[in-house]
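[1] Structure for this input, please:
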Amino acid sequence: MFYAIPLENKPSWRNPPWMTVLLILVNMIVFWGPQRSEENARERAAHYYVNSVLPELELPPFVAWLEETRSPRAKAARRLLAHEETGLLLDGMQREKVFLQKLQADAVVTPANPRYAEWKRDRRQYESMRPAPFTERWAQDYAKDAEFKPWTWVTAAFLHGSTGHLLGNMLFLFLFGFSVELALGRGTYLSFYILGAVGASMLADWAYAGKGSYGLGASGAISALMGMYAVMYRLRRIRFFYQLFFYFNYVTAPALLLLPAWIANELLQHLVGGQGIAYMAHLGGLLTGATLMAGATALHRVKTPETVASEQSADNGDFERHVAAARRLGAAMKFEAATAEWRAAAALRPGDTDTLRAWFNTARLQPAGEDFHQAARRIFRLPATDPDTLALQHASYTTYLDQAKPGARLKPDDMARLARRFTRVRQFQDADKLCRVLLKIAPDHPELADTLSVCANGLLHAGERDMAVGWLPHLLRLAPNDMVTRALERA
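    The predicted structure is shown next:
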């Protein structure tokens, strides 16, 4: 067995790989939702089967039928019967559709059998306990008489056989997916992922047709991502961790060299007769992904790592240029032009507190201007809650409230957020004012109850009992069962 994992690349959280995360979530929801429910119901039915009269009446005829039809599984089934491995024999019998049809037509246990009524009762109960097929319905069917269901070329890529199967695939999906998503963009990335699954399934359908069993798992689509990754980086040297049978090490090599290594590995594994793993699906995914990425590269639809780095470098250069211009214009007392430059810099780095502070302080010289209101809102909506950010938000709020013309333009969401944050820094007077305004202008705001609870709780812990109790009538109306409300009732 051979596999290689890239070690150098890290996801860009400035542009998070949301589509990769979504694909991982969908796979996990399908497995721990309908697939797990089906498996639990099947286990309950199997438990009933083992403890009923059915094994005694059905399994010996089933093994005899395998021997009569010269099935390659007949010898193994005879050994399982001798060792009373009922569960494994039941699994095998459920896959033999011809025998099941004979069984359900009363051609195995016939009405002439003295225990027919007993068998019929338990068989009816067992079948009623078996869940409606989900995995079997949406997986690829490699049986000889399988119905042609091309939609399973996609749906099978979202099914898994076990928790280990799922988690292993999701790890590789994340490791390769985030780089490919960044290069292609979310829409093209999702389209290529689906097409990779289709290519993998089509080759598997051709290779395993008539051999029985089912095909499922995201590994074909993930192999397509691996093919895309190799073509995307081409001759760029990437540091990889690799394992070859029992040997593992690190190597730095051109990414494109991994493509023939992966292809050779899948062909070798297929030829040596690997059981239970659809190596041809992996090969189909690799070839499909490599072809798709080669086409996208030829059409200049790919942001290579070099292109992304160049764009980020350009953004940094633009940011520094705007900051330098803003400082120069501010020193020359050209405040309107300086404000515009700070606005442009803030657009490039929306979370940079120094830039927002400078924009706000320059814009306040024109308190009726739109920039003053915009800069204030951007500061109030900063996600961080560290002491420096909270101090900036409170200082900016005080200045904005005092100087904004014709008046402050605070939205209810901003009021609720600031009230909770001001409570954390013990600015209770300002938090109290915001809560009262919020009650007046947005009495049905979805965060009002939580905001009042946070403020009242902060006041209680700060020893401001009388102020905290003042919020009790509103909390009794909005959150009567809240722990803070109950604490205030006892205060």
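
[2] residues of stretch 118-127 that come out buried?
    Buried residues in stretch 118-127, counted by 16 or more other C-beta atoms under 10 Å: 119, 122-123, 126. (Each C-beta comes from the backbone N, C-alpha and C, glycine too.)

[3] Restricted to helices, list those.
    Among the buried residues of stretch 118-127, the residues falling in helices (DSSP state H) are 119, 122-123, 126.

[4] just to revisit the earlier point, rebuild the buried residues of stretch 118-127 as TSV, extending it with distance to Phe172 and pLDDT.
    Below are those laid out as TSV (distance: C-beta to C-beta, whole Å; pLDDT from 0 to 100):
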residue	distance to Phe172	pLDDT
Trp119	48	94
Asp122	45	94
Arg123	43	94
Tyr126	39	94
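
[5] Now tabulate the ones in helices among the buried residues of stretch 118-127 in a markdown table and tack on distance to Ala132.
    As requested, those are exported to a markdown table (distance: C-beta to C-beta, whole Å):
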| residue | distance to Ala132 |
| --- | --- |
| Trp119 | 24 |
| Asp122 | 20 |
| Arg123 | 18 |
| Tyr126 | 15 |
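
[6] any idea how far Gly317 lies from Ala347?
    When distance is defined by C-beta to C-beta, to the nearest Å, Gly317 is 15 Å away from Ala347.

[7] Sorry, slip of the keys, the one I care about is Arg409.
    With C-beta to C-beta as the criterion, Arg409 and Ala347 are 20 Å apart.

[8] Check Ala340 too.
    11 Å.

[9] And the two? Which one has more around it.
    Higher neighbour count among Ala340 and Ala347: Ala340, with 19 against 13, using other C-beta atoms under 10 Å.

[10] so is the more buried one in a helix, a strand, or just coil?
    Classification of Ala340 by DSSP: H, G, I helix; E, B strand; the rest coil places it in helix.

[11] got a list of what it touches?
    Ala340 is in contact with Asp371, counting by C-beta atoms under 8 Å, 6 or more residues apart in numbering.

[12] Please shift the residue numbers so they start at 19 in all later answers.
    From this message on, residue numbering opens at 19, which makes the last subject Ala358.

[13] What sits closest to Lys167 if chain neighbours are left out?
    Asp159 (7.1 Å; C-beta to C-beta, 6 or more residues apart in numbering).

[14] Against Arg113, how distant is that neighbour?
    Taking C-beta to C-beta as the measure, Asp159 falls 11 Å from Arg113.

[15] Of the two, give the one with the bigger neighbour count.
    More neighbours surround Asp159 than the other of Asp159 and Arg113, with 21 against 14 (other C-beta under 10 Å).

[16] How is the nearest residue to Thr407 once chain neighbours are set aside classified with respect to secondary structure?
    Using C-beta to C-beta, 6+ apart and skipping the chain neighbours, the partner closest in space to Thr407 is Leu400 (5.5 Å). Here Leu400 is recorded as coil under three-state DSSP.

[17] Need the phi and psi values for Leu400.
    For Leu400, the backbone dihedrals (degrees, to the nearest 10) come out as phi -60, psi 130.

[18] Okay, it and Val39: tell me how far apart.
    Distance, Leu400 to Val39, using C-beta to C-beta: 24 Å.

[19] Please work out how many residues are found near Ala349.
    Using other C-beta under 10 Å, Ala349 is surrounded by 9 other residues.

[20] Now do it, the pLDDT please.
    For Ala349, the pLDDT comes out at 91.

[21] And it, how far from Ser55?
    Per C-beta to C-beta, Ala349 is found 68 Å from Ser55.

[22] thinking again about what came up before, show me the contacts for the residue nearest to Lys167.
    165, 167, 170, 232.

[23] Out of those residues, which end up buried?
    Neighbour counting over the contacts of Asp159 (16+ other C-beta under 10 Å) leaves 170, 232 as the buried ones.

[24] Among the contacts of Asp159, which one lies nearest to His340?
    Nearest to His340, judged by C-beta to C-beta, of these is Thr170 at 53.4 Å.

[25] And the closest one, how close does it get to Ser55?
    Counting by C-beta to C-beta, the gap from Thr170 to Ser55 is 20 Å.

[26] For Gly348, give me its contacts.
    Per C-beta under 8 Å, 6+ apart, neighbours of Gly348: 356, 380.

[27] Could you pull up phi and psi at it?
    Dihedral pair for Gly348: phi -60, psi -40, per degrees, to the nearest 10.

[28] how about low-confidence regions in the stretch 369-509 of the chain?
    Across the stretch 369-509 of the chain, the ranges flagged by pLDDT under 70 are 402, 509.

[29] what about the helices in it?
    Assigned by DSSP state H, counting those that start in this stretch, the helices in the stretch 369-509 of the chain fall at 371-381, 388-398, 405-421, 430-442, 446-459, 466-479, 483-487, 490-496, 501-508.

[30] so where do the strands sit in this protein?
    In the chain, the strands defined using DSSP state E lie at 20-24, 158-159, 232-233, 255-262, 265-272.

[31] lowest-confidence stretch among those strands?
    Taking the mean pLDDT of the strands of the chain, strand 20-24 comes last: a mean of 60.

[32] Number of residues surrounding the closest residue to Ile295 other than its chain neighbours?
    Leaving aside its sequence neighbours, Ile295 sits nearest to Gln287 (C-beta to C-beta, 6+ apart; 7.2 Å). When neighbours are counted by other C-beta under 10 Å, Gln287 registers 17.

[33] Please report the distance of Gln287 from Met220.
    Taken as C-beta to C-beta, the span from Gln287 to Met220 is 19 Å.

[34] got the contact list for Arg435?
    Neighbour list for Arg435: 398-399 [criterion: C-beta under 8 Å, 6+ apart].

[35] Okay, it and Asn187: tell me how far apart.
    39 Å.

[36] mind showing which ranges of the stretch 119-268 of the chain have poor pLDDT?
    Along the stretch 119-268 of the chain, segments meeting pLDDT under 70 span 253, 259-268.

[37] ok, Trp377 to Asp406 distance?
    Here the criterion is C-beta to C-beta. By it, Trp377 lies 17 Å from Asp406.
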